[in-house]
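Visitor: Quick check, what structure comes out for this input:
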Amino acid sequence: MKVIQEKEGYAVLRFQKGEAFPEAFEIWLKERGVTGAFFYGIGGAVKIRCGYYQLSAKQYQFQEFSSEHLEILQKV
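Guide: You can find the predicted model right below:
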């Protein structure tokens, strides 16, 4: 992970190909003593796991996607 910009209260980070997200992000936060955070992001991936909460079943449903070219338009 590369820190592009870091100021009081926010940072711009770039994750490298093959780097595990959110694990690398969590490590970076712990190293700085951050106890609460949120992120926005765009980028690409080769494997993702998407999930949503199914209210009627009262549980999360997950689906995995793998491809050479997965584009992530927004992470909230």
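Visitor: partners of the biggest strand by length in the chain, with directions?
Guide: The residue-count maximum for a strand in the chain (DSSP state E) belongs to strand 59-75. Take DSSP bridges as the rule and strand 59-75 pairs in its sheet with strand 41-54 (antiparallel).
Visitor: Report the mean per-residue pLDDT for the partner strand.
Guide: The predicted model assigns strand 41-54 a mean pLDDT of 86.
Visitor: Keeping just the C-alphas, turn it into PDB.
Guide: Only the C-alpha atoms of strand 41-54 are listed here, as PDB (Å, rounded to 0.1, in the frame of the first residue of the first chain):
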ATOM      1  CA  GLY A  41     -12.700   4.000  -3.300                       C
ATOM      2  CA  ILE A  42     -12.500   3.000  -6.900                       C
ATOM      3  CA  GLY A  43     -10.300   0.500  -8.500                       C
ATOM      4  CA  GLY A  44      -9.900  -3.000  -9.800                       C
ATOM      5  CA  ALA A  45      -9.700  -6.500  -8.400                       C
ATOM      6  CA  VAL A  46      -9.300 -10.100  -9.500                       C
ATOM      7  CA  LYS A  47     -11.500 -11.600  -6.800                       C
ATOM      8  CA  ILE A  48     -14.300 -10.000  -4.700                       C
ATOM      9  CA  ARG A  49     -16.900 -11.200  -2.300                       C
ATOM     10  CA  CYS A  50     -20.200  -9.200  -2.300                       C
ATOM     11  CA  GLY A  51     -22.800  -9.600   0.400                       C
ATOM     12  CA  TYR A  52     -26.100  -8.200   1.400                       C
ATOM     13  CA  TYR A  53     -28.500  -8.700   4.400                       C
ATOM     14  CA  GLN A  54     -31.600 -10.700   3.500                       C
END
